[in-house]
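Participant: Structural data only, the sequence is not supplied:
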Ligand code: ACO
């Protein structure tokens, strides 16, 4: 099976930091409640006209610079997002212009909620097999705080803004994926044209702790490896308790899980990409390591990929 190699990554978050204490000034909540129930401490909020395109482009530039590639050899741009600056045109098309990429490319946005980065990797894998160009650029960029009701304590404490990017090429490195969808608007939804996030928090929690361990098991089995042979687990940063429960269920130590929910909150599609970027940057993930990336979200959607 043809796999993919992530040549380099990048990430970007808005400047403004919002603490749990800041949120306690706005709604009836506390640092203690948020920390204990979610593991979150900080998140970034886009302000002063910061756009989805700003974050997407910043993350993408970093990934392209680090990959050291000729950007004319990028043949596909996917932006996973549900919070583009426009309904149309796609953020991916704006990125093409902003970064001065070739016109001879395919570029589109992908809507898969928090599973966007994982669905994007799988989609890019297929696209690279059919394109003449060597590289694909995957970006996940979300400004979910645009769609958060800042008077609803049940959701406003959970989400942050951010973007992640990856330069990808086809490769014969190990690749195994399991994806799924069970159409259900009630887990988390944002109504058009200008609705706020509506979420079944407990339903999502139960779904995650019951289903994600099986999803991970299926992906690991498909890769021909064992849980122990996976060096790093990168799970969607929705709730620290969800990650801890999954770690326990699959019998793997928390040290193998990349966790940064305390700094960014839930950045939706960007969450696993930002975590991946951070762990590469700080040297935890090394070139030959095997990494599992897993996310779940609106749709319902879910996916797990073993890379390497
Ligand atoms: N501060 C203080 N109290 C709060 C807050 C808050 N921010 N939010 C809710 N509460 C209250 C509730 O009103 C409730 O009060 P009550 O008992 O008087 O009715 C109490 O806390 C308990 O509420 P629960 O919903 O039972 O709290 P729970 O422990 O389930 O935590 C949470 C809620 C954090 C949302 C959790 O269910 C969760 O993380 N679920 C997953 C959410 C998720 O992953 N969403 C995104 C998925 S898709 C995507 O990532 C885009």
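Facilitator: Sure thing, it's come through. Given the structure is predicted, the values throughout are model-derived calculations rather than measurements.

Participant: I'd like the next helix or strand past the lengthiest helix in the chain.
Facilitator: Counting by DSSP state H, the longest helix found in the chain is helix 201-223. Once helix 201-223 ends, the next helix or strand along the chain (criterion: DSSP states H and E) is strand 232-235.

Participant: now for that following strand, which elements pack on it?
Facilitator: Applying 3 or more C-beta pairs under 8 Å, 6 or more residues apart in numbering; DSSP states H and E, we find strand 232-235 packed against helix 240-250, helix 271-281, strand 291-297. In this view, the C-beta of every residue, glycine as well, is placed from N, C-alpha and C.

Participant: Can you say which helix or strand has the residue of the stretch 1-150 of the chain found nearest the ligand in it?
Facilitator: Closest to the ligand within the stretch 1-150 of the chain is residue 29: 3.2 Å, counting by C-beta to the nearest ligand atom. Taking DSSP H and E as the definition, one finds residue 29 inside no helix or strand.

Participant: burial measure for it, as a count.
Facilitator: Using other C-beta atoms under 10 Å, the number of residues around residue 29 comes to 18.

Participant: ok, and the closest non-adjacent residue to it?
Facilitator: residue 153 (4.8 Å; C-beta to C-beta, 6 or more residues apart in numbering).

Participant: right, and that neighbour touches residue 34 too?
Facilitator: No: taking contacts as C-beta atoms under 8 Å, residue 153 lies outside contact range of residue 34: 9.3 Å.

Participant: anything in contact with each of these two?
Facilitator: The overlap between the contact sets of residue 153 and residue 34 (C-beta atoms under 8 Å, 6 or more residues apart in numbering) consists of residue 23.

Participant: of these two, who's got more company?
Facilitator: Set residue 153 next to residue 34 and count neighbours by other C-beta under 10 Å: residue 34 wins out with 21 against 17.

Participant: what's that one sitting at in phi/psi?
Facilitator: Backbone torsions for residue 34, taken as degrees, to the nearest 10, come to phi -70, psi -50.

Participant: Which residue, other than its chain neighbours, is closest to it?
Facilitator: residue 20 (4.5 Å).

Participant: Do I have it right that that neighbour meets residue 41?
Facilitator: Yes: here residue 20 reaches residue 41: they are 6.1 Å apart, a contact under C-beta under 8 Å.

Participant: who's more crowded, those two?
Facilitator: residue 20 (20 against 17).

Participant: any idea how far the ligand is from the nearest residue to residue 142 once chain neighbours are set aside?
Facilitator: Leaving aside its chain neighbours, residue 142 sits nearest to residue 268 (4.2 Å; criterion: C-beta to C-beta, 6+ apart). Distance from residue 268 to the ligand, counting by C-beta to the nearest ligand atom, to the nearest Å: 5 Å.

Participant: Spit out the contact partners of residue 268.
Facilitator: Taking C-beta under 8 Å, 6+ apart, one finds 82-83, 113-114, 116, 140, 142, 144, 159, 297 in contact with residue 268.

Participant: Identify the residues contacting residue 73.
Facilitator: Each residue near residue 73 by C-beta under 8 Å, 6+ apart is listed here: 133-135.

Participant: burial count for the residue lying closest to residue 307 once chain neighbours are set aside?
Facilitator: Using C-beta to C-beta, 6+ apart and skipping residues adjacent in sequence, the residue nearest residue 307 is residue 291, 5.2 Å away. Using other C-beta under 10 Å, residue 291 is surrounded by 22 other residues.

Participant: re the thing from before, overlap in contacts of residue 20 and residue 41?
Facilitator: 31, 34-35.

Participant: near the ligand, from those?
Facilitator: Counting by C-beta under 6 Å from any ligand atom, residue 34 from the shared contacts of residue 20 and residue 41 sit close to the ligand.

Participant: Would you confirm that residue 182 contacts residue 300?
Facilitator: Yes: counting by C-beta under 8 Å, a contact exists between residue 182 and residue 300, whose distance comes to 5.0 Å.

Participant: Tell me which of those two has more neighbours.
Facilitator: residue 300 (21 against 11).

Participant: Tell me which residues touch the more buried one, please.
Facilitator: By C-beta under 8 Å, 6+ apart, residue 300 lies in contact with 181-184, 187, 207.

Participant: and if you look at residue 284?
Facilitator: With contact taken as C-beta under 8 Å, 6+ apart, residue 284 is in contact with 232, 258.

Participant: Where does it sit: helix, strand or coil?
Facilitator: Following DSSP: H, G, I helix; E, B strand; the rest coil, residue 284 is assigned to coil.

Participant: What distance do you get for it to residue 152?
Facilitator: Distance, residue 284 to residue 152, using C-beta to C-beta, to the nearest Å: 35 Å.
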